[in-house]
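Engineer: how would this look folded up:
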Amino acid sequence: MNEVLNKLQTHVDSFGQLVNFNTENREYIEHEKILKETLGTFSDRLQERIGEQDTEVKLSVFIKLTQARLTEFSDRVFQYHSGLCSSNLEWEIKLKSLYIDIENKIIKVLEFLRINFSPNFDFFAKVPMWVVYEDKDVPAKKMFVINGLKEKAVDENLISIITNFLDKYQDLNSFAFENWHQYLYYKNLLSAIFNYLISDESGDDSMNIIKLLIGYNFNPLVFYNFMVEFGESIVSKRAPFEEQEIALLNLLKTVGNIRPEVSIGYNPEVQPILDSISGSILHELAIIAKLKEVESFNAIDEGGKKKAWQYFEVSTTLEELFFLLKVMQAVNFLKTRYNANLYRFVERHIKTDRIRNSNASPHYMRNIFAPKWEFSSRVVKKVRSWLTMMIAYIDAQFPEQLRILVTISFLEVPVNLYFSIA
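Structural biologist: All right, here's what the predicted structure looks like:
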């Protein structure tokens, strides 16, 4: 095999040294004929040599050595071809066509080895420059993806990360793929994003793209940092610990349900991005748990009882207070994502009159008041009387402001039966 490859190398080098020759020259025609015959001999001999390898180890060594020599040979031919890219002379066009024919045959052999002997193929070996040069599908998809992400209003920072990654494929002067693995990973990820953009899939496009990238083990450091910031953005540090935990646990569940499409990321030495992101979320949850523990410890006095830490006091019972809060929620005056926020806030910051349970916990409040709207007539009347007193106070203390409000309302809506009755 080495002998055949050496002969091919010699013939190609001899062509590379030719200058201003006649394509009808007998010497050139003979050289071209021998080169093509040698290339055909190589393909036939390769099949024979593969069959001669009687152990998996020998086969693996043979495939990798052949792959390395073919890659070296292909890059040499590519250099000669590159020198003729802008040529328009007859002999140069003829020679360039010959180089293209040689390159295509070499790459066909390499693809044969990659597909049929994948366990023995070295995916972390250099990918021939011709493979990238001839891939005309990538540039078109790349521009479509970048424009498509913008049209779908995907997060700008996420678009920037993807664009910078896709810019690895620009031209051969900035050849960024170190090996077959990176090249194939790039193509597969690009196709996955492209297919998503042309699909009818609905929902949050930014979140869908994030899921896609995690599934494809997209592990550049900049994407990990983006996900850390993304996790922080969905959690308000001012929110109760329970709400922070719920938000992070939901994110952890979402991430954990993503199906891995690729086991080895673009950077093979980096751990899977799914593990990195999950680890970051679990770390945040551990910190919150520790903060809760510290705060809980500080809330207990030396006698083992809760410290008095209420910010203010209300002249109602706990039952009356929650009836008022439920009314405020019903009319959208009070808005909260989780009722647990109300229970925790009342427990920590509000002291009520004649409370039946002086150590009422959020769990107690939830069990008593959350399931249903059942309040006694006494509670309803008491809260209504407080609201009536508040309205009377406003009417008495702010008559001028009310008069202006009535005038404006009358001018804007001259016929308003409900307002007139009031």
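Engineer: rest of the way, CA atoms for contacts and neighbours
Structural biologist: Fine.
Engineer: pLDDT weak spots in the stretch 201-350 of the chain?
Structural biologist: 295-310 (pLDDT under 70).
Engineer: tell me which element Ser74 is part of?
Structural biologist: With secondary structure defined by DSSP states H and E, Ser74 is part of helix 56-82.
Engineer: let me fix that, I meant to ask about Lys326.
Structural biologist: Assigned by DSSP H and E, Lys326 belongs to helix 318-330.
Engineer: could you name the helices and strands sitting against that helix?
Structural biologist: Helices and strands touching helix 318-330, by 3 or more C-alpha pairs under 8 Å, 6 or more residues apart in numbering; DSSP states H and E, are helix 377-397.
Engineer: okay, angle between the helix it packs on and helix 318-330 too, please.
Structural biologist: Interaxial angle of helix 377-397 relative to helix 318-330 (axes from the mean of the first three to the mean of the last three C-alpha atoms, to 10 degrees): 60 degrees.
Engineer: who's in contact with helix 377-397?
Structural biologist: Contacts to helix 377-397, defined as C-alpha atoms under 8 Å, 6 or more residues apart in numbering, come from residues 319-320, 323-324, 402.
Engineer: among these, name the buried ones.
Structural biologist: By neighbour count, with 16 or more other C-alpha atoms under 10 Å, the contacts of helix 377-397 hold 319-320, 323-324 as buried.
Engineer: okay if I get those as CSV plus distance to Pro268?
Structural biologist: Converted to CSV, the buried ones among the contacts of helix 377-397 look like this (distance: C-alpha to C-alpha, whole Å):
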residue, distance to Pro268
Glu319, 60
Glu320, 61
Phe323, 58
Leu324, 58
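Engineer: look at Val127 and say how many residues are nearby.
Structural biologist: Counted with other C-alpha atoms under 10 Å, the neighbours of Val127 add up to 25.
Engineer: surely it forms part of a strand?
Structural biologist: No: read with DSSP: H, G, I helix; E, B strand; the rest coil, Val127 is coil and lies in no strand.
Engineer: now do the SS call for Cys85.
Structural biologist: Cys85 - assigned by three-state DSSP - is coil.
Engineer: residues near it, how many?
Structural biologist: Neighbourhood size, Cys85 [other C-alpha under 10 Å]: 11.
Engineer: also Gln397?
Structural biologist: 11.
Engineer: show the pLDDT at it.
Structural biologist: On pLDDT, Gln397 comes in at 89.
Engineer: show me the shaky parts of the stretch 1-150 of the chain.
Structural biologist: 1-28.
Engineer: which residue ranges of it form helices?
Structural biologist: 2-16, 26-52, 56-82, 90-116, 129-133, 137-151 (DSSP state H, counting those that start in this stretch).
Engineer: which one, of the ones you listed, ends up nearest to Leu166?
Structural biologist: Taking C-alpha to C-alpha, helix 137-151 is the member of these nearest to Leu166, at 6.7 Å.
Engineer: for that closest one, which residues meet the burial criterion?
Structural biologist: Quick answer for helix 137-151 (16+ other C-alpha under 10 Å): 138, 141-142, 145-146, 148-149.
Engineer: mind exporting the following helix or strand past that helix as CSV, just the C-alpha atoms?
Structural biologist: Reading on from helix 137-151 to the C-terminus, the next helix or strand found by DSSP H and E is helix 156-166. C-alpha atoms of helix 156-166 as CSV (Å, rounded to 0.1, in the frame of the first residue of the first chain):
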residue,chain,number,x,y,z
GLU,A,156,-30.0,37.8,21.0
ASN,A,157,-27.2,36.4,23.1
LEU,A,158,-28.1,32.9,22.0
ILE,A,159,-28.0,34.0,18.4
SER,A,160,-24.6,35.6,18.9
ILE,A,161,-23.3,32.3,20.4
ILE,A,162,-24.6,30.2,17.5
THR,A,163,-23.4,32.7,14.9
ASN,A,164,-19.9,32.8,16.3
PHE,A,165,-19.8,29.0,16.3
LEU,A,166,-21.1,28.8,12.7
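Engineer: quick one: helix 156-166 to helix 137-151, angle?
Structural biologist: Relative orientation of helix 156-166 and helix 137-151, computed by the same axes, to 10 degrees: 170 degrees.
Engineer: how far out from the middle of the chain is stretch 192-199?
Structural biologist: Put simply, stretch 192-199 sits 14 Å off its chain's centre (C-alpha atoms, centre = their mean, to the nearest Å).
Engineer: any idea of the mean pLDDT in that stretch?
Structural biologist: In the prediction, stretch 192-199 has an average pLDDT of 94.
Engineer: ok, and what's touching it?
Structural biologist: Residues outside stretch 192-199 that contact it (C-alpha under 8 Å, 6+ apart) are 141, 144-145, 148-149, 209, 212.
Engineer: returning to that earlier point: just checking, what packs against the helix holding Ser74?
Structural biologist: If you count contacts as 3+ C-alpha pairs under 8 Å, 6+ apart, helix 56-82 packs onto helix 2-16, helix 90-116, helix 129-133.
Engineer: tell me the domain boundaries of the protein?
Structural biologist: The chain resolves into domains spanning 2-130, 137-295, 302-375, 378-422 when parsed by automatic domain parsing.
Engineer: quick one: stretch 99-111 to chain centroid distance?
Structural biologist: Distance of stretch 99-111 from the chain centroid (C-alpha atoms, centre = their mean) equals 36 Å.
Engineer: brain fart, stretch 64-78
Structural biologist: Relative to its chain's centre, stretch 64-78 lies at 36 Å (C-alpha atoms, centre = their mean).
Engineer: can you list contacts of it?
Structural biologist: Here stretch 64-78 makes contact (C-alpha under 8 Å, 6+ apart) with 5, 9, 12, 99, 102-103, 106-107, 110, 113, 120-122, 125-130.
Engineer: what comes up buried for stretch 248-265?
Structural biologist: Neighbour counts over stretch 248-265 (16+ other C-alpha under 10 Å) mark 248, 251-252, 255, 260, 262, 264-265 as buried.
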